[in-house]
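A.B. asks: below are the sequence and a predicted model for it; my questions follow.
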Amino acid sequence: MKRRYALLLVLVGMTLLASCAKKTPTLNLLVWEGYADPSYVKAFEEKYHCKVAASYMGSSDELMAKLRGGSAANYDVISPSSDVAANIASTGLAAEIDTAQIPDYASLSPQLRELPLVKANGKTYGVPFMWGPNPLLYDSSYYKTAPQSWAELWDPKLKGKISVWDDLSTVYMAAQVLGYDKPDPSHLYNLSDDELEKVKAKLLELKPNIRKMWTTGGELTNLFQNHEVVAAMGWPLMTNQLRKLNIPIGETIPKENTTGWIDHLMITSASENKDLAMKFLAYMVEAKTQKAVTDVTGYTPANPNAAQFMTEQEKKSLHLDDVDGYQKHIYFWQNVPRRAKYNEIWNQVKAAQ
């Protein structure tokens, strides 16, 4: 009897060990909306017998706050934009990437690969993923022709009818209206105290027109879907979502041009799943995956080989037929040396009644 009991205990122990061995690994992401859609993530999960769990960020500052606030260990992969990528690379928050483990790395756009945003001490800490503008979105049933200038958002007729992003991009936009991007667009990210005060005053003039500030793409999509707003600064993601819902939406880059972003994929230095995370990065920049991401987001892929899976109209809509020409209208986000001051100004605008 004792021998049978001992044998039973052994069998139970082996079963428990086998159960533990079969535990499904989970890859945790902190990324922008649209970067973990089941339409392409599911294939990765099936191939590597894992689960991908995504959390979404509403701004670059939210990402930085979480990484520096002790939450970095909760995430394996992040998708910082060009305004904070260099800071993450140089402060030990990201793990070094062995690009030899990413078969498609050499196929990525040379203009994006060679940017110093995610390189430090001769090492690489990020892989270019997607890029795009912050366009002016408008209700095409309200506007007979596309708005020509960001300044049109200040029209008194739009009282309570617009939305702005709860992000420093709105500060940059107001600075453009004031002409602070001339002749040097990079000056948007190096405004003086006097210029920031004038930007604040300009944004305070805009407040009566703001129905609500959005923090996630879904919020802005809902505002347009419910016909609560007629114009806003947004992302191509929202344009894609609204068109699929048959909501009348237009997208344009005004005469002042606009700011934009280059998103990278990084592995956090605190990740305990670095091997799986590296496989995820490699998968996400494959041409077929890049095409699938553009289908969801409307963003332009870092891997130009994705174009082979697109129709001529899709290539044109993503500006792959004239990348250089299109990028001339986008002032890509840069590191803001006085980011704390910019946030102080923006918080004062938000708090004002």
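C.D. replies: Arrived safely.
A.B. asks: for the stretch 51-200 of the chain, which segments count as helices?
C.D. replies: Remark: helices assigned in the stretch 51-200 of the chain by DSSP state H, counting those that start in this stretch are 60-66, 85-90, 110-113, 168-177, 193-206.
A.B. asks: so which of those is nearest Gln308?
C.D. replies: Evaluated over the helices of the stretch 51-200 of the chain, closeness to Gln308 peaks at helix 110-113, with 17.9 Å, by CB to CB. For the C-beta atoms, the positions are set from N, CA and C on the backbone; glycine is no exception.
A.B. asks: now do the buried residues in the closest one.
C.D. replies: Of all the residues in helix 110-113, those buried under the rule 16 or more other CB atoms under 10 Å are 112-113.
A.B. asks: which positions in stretch 318-333 come out as buried?
C.D. replies: 318-320, 326-327, 329-333.
A.B. asks: show me how far that stretch is from its chain's centre.
C.D. replies: 17 Å (CA atoms, centre = their mean, to the nearest Å).
A.B. asks: not counting sequence-adjacent ones, nearest residue to Thr239?
C.D. replies: Among residues not flanking Thr239 along the chain, Glu251 sits closest, at 4.6 Å (CB to CB, 6 or more residues apart in numbering).
A.B. asks: so if we follow the domain assignment, how does the chain break up?
C.D. replies: The record assigns the chain these domain ranges, following automatic domain parsing: 24-130+261-332, 133-259+339-351.
A.B. asks: turn those into TSV, including mean pLDDT.
C.D. replies: Output for these, formatted as TSV (pLDDT from 0 to 100):
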stretch	mean pLDDT
domain 24-130+261-332	94
domain 133-259+339-351	97
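A.B. asks: so how far is the strand ranked longest in the chain off the chain centroid?
C.D. replies: As assigned by DSSP state E, the longest strand anywhere in the chain is strand 258-267. Here strand 258-267 is found 6 Å from its chain centre; the criterion is CA atoms, centre = their mean.
A.B. asks: do the same with stretch 271-278
C.D. replies: 21 Å.
A.B. asks: and it, which residues are buried?
C.D. replies: By 16+ other CB under 10 Å, the buried positions in stretch 271-278 come out as 271, 273-274, 276-278.
A.B. asks: next, format the helices of the stretch 51-200 of the chain as CSV and append distance to Thr124.
C.D. replies: Formatted as CSV, the helices of the stretch 51-200 of the chain follow (distance: least, CB to CB, whole Å):
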stretch, distance to Thr124
helix 60-66, 19
helix 85-90, 9
helix 110-113, 9
helix 168-177, 26
helix 193-206, 34
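A.B. asks: Tyr75 touches Thr268, doesn't it?
C.D. replies: Yes: with contact defined as CB atoms under 8 Å, Tyr75 reaches Thr268; the gap is 5.4 Å.
A.B. asks: closest one to Ile247 among the helices of the stretch 51-200 of the chain?
C.D. replies: helix 168-177 (22.6 Å).
A.B. asks: now do the closest one: which elements does it pack against?
C.D. replies: Packing contacts for helix 168-177, counted by 3 or more CB pairs under 8 Å, 6 or more residues apart in numbering; DSSP states H and E, involve helix 193-206, strand 231-233, strand 258-267, helix 339-351.
A.B. asks: of those, which approaches Ala307 most closely?
C.D. replies: Smallest distance to Ala307 across those (CB to CB): 18.2 Å, for strand 258-267.
A.B. asks: what's the following helix or strand after the closest one?
C.D. replies: Heading C-terminal from strand 258-267, the first helix or strand you meet, by DSSP states H and E, is helix 274-284.
A.B. asks: tilt between that following helix and strand 258-267?
C.D. replies: Interaxial angle of helix 274-284 relative to strand 258-267 (axes from the mean of the first three to the mean of the last three CA atoms, to 10 degrees): 140 degrees.
A.B. asks: circling back: turn the helices and strands packed on helix 168-177 into TSV, columns for mean neighbour count.
C.D. replies: Below are these laid out as TSV (neighbours: other CB atoms under 10 Å):
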stretch	mean neighbour count
helix 193-206	16
strand 231-233	25
strand 258-267	25
helix 339-351	15
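A.B. asks: could these be laid out in TSV, adding distance to Met64?
C.D. replies: Shown next, in TSV, are the helices and strands packed on helix 168-177 (distance: least, CB to CB, whole Å):
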stretch	distance to Met64
helix 193-206	20
strand 231-233	21
strand 258-267	13
helix 339-351	9
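A.B. asks: closest one to Asp83 among these?
C.D. replies: Closest approach to Asp83 among those (CB to CB): strand 258-267, 7.3 Å.
A.B. asks: in stretch 90-104, what's buried?
C.D. replies: 93-95, 97, 102, 104.
A.B. asks: from the chain's centroid, how far away is it?
C.D. replies: With CA atoms, centre = their mean, you get 19 Å for stretch 90-104.
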